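Chemist: show me how the following folds:
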Amino acid sequence: MNLKVGDKVVVISGASKGSEGKIVKTFPKENRVIVEGVNLVKKHRKGNGNETGGILEIEAPIHASNVMIIDPKTKKRTRIGHSIDKNNKKIRISKKSNESLD
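Modeler: Residues are numbered from 1 along each chain as shown. From the prediction side, this is the model:
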């Protein structure tokens, strides 16, 4: 999975298609990500002594194939490529503008 926490992405399929947000958490083994403000589900939580209960809206994970990273230069969605920098370190680059994503 080429996505990291903090990447700005756009949802390309599903009920939240067209929504943009930052990646909050990644689940590499399941190939899923949680995007801020996208794929909201209602969760019923019982109250305890300190917190009140109620119906909360939380973000649910979505499959990584349903999101694309936003190019920092063109502000459009793009694919991710890899390249080697001057220090022989592998970096992620944008396929549209060859801009570094790291």
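Chemist: tell me how many other residues surround the residue lying closest to residue 46 once chain neighbours are set aside.
Modeler: What sits nearest to residue 46 in space, not counting adjacent residues and going by Cβ to Cβ, 6 or more residues apart in numbering, is residue 53, at 4.9 Å. C-beta here means a position set from N, CA and C on the backbone, and glycine is covered the same way. By the criterion of other Cβ atoms under 10 Å, residue 53 has 10 neighbours.
Chemist: pLDDT score for residue 53?
Modeler: pLDDT, residue 53: 88.
Chemist: residue 64 now?
Modeler: 94.
Chemist: tell me the contacts of the residue nearest to residue 46?
Modeler: Residue 53 sits next to 44-47 when contact means Cβ atoms under 8 Å, 6 or more residues apart in numbering.
Chemist: now, which of the residues you listed sits nearest residue 21?
Modeler: For the contacts of residue 53, the closest approach to residue 21 (Cβ to Cβ) belongs to residue 45, at 23.0 Å.
Chemist: that closest one touches residue 56, doesn't it?
Modeler: Yes. Between residue 45 and residue 56 there is a contact under Cβ atoms under 8 Å: 5.6 Å.
Chemist: picking that back up, look up how far residue 69 lies from the residue nearest to residue 46.
Modeler: 38 Å (Cβ to Cβ, to the nearest Å).
Chemist: what's the answer for residue 86, then?
Modeler: Note on residue 86: its distance to residue 69, by Cβ to Cβ, is 23 Å.
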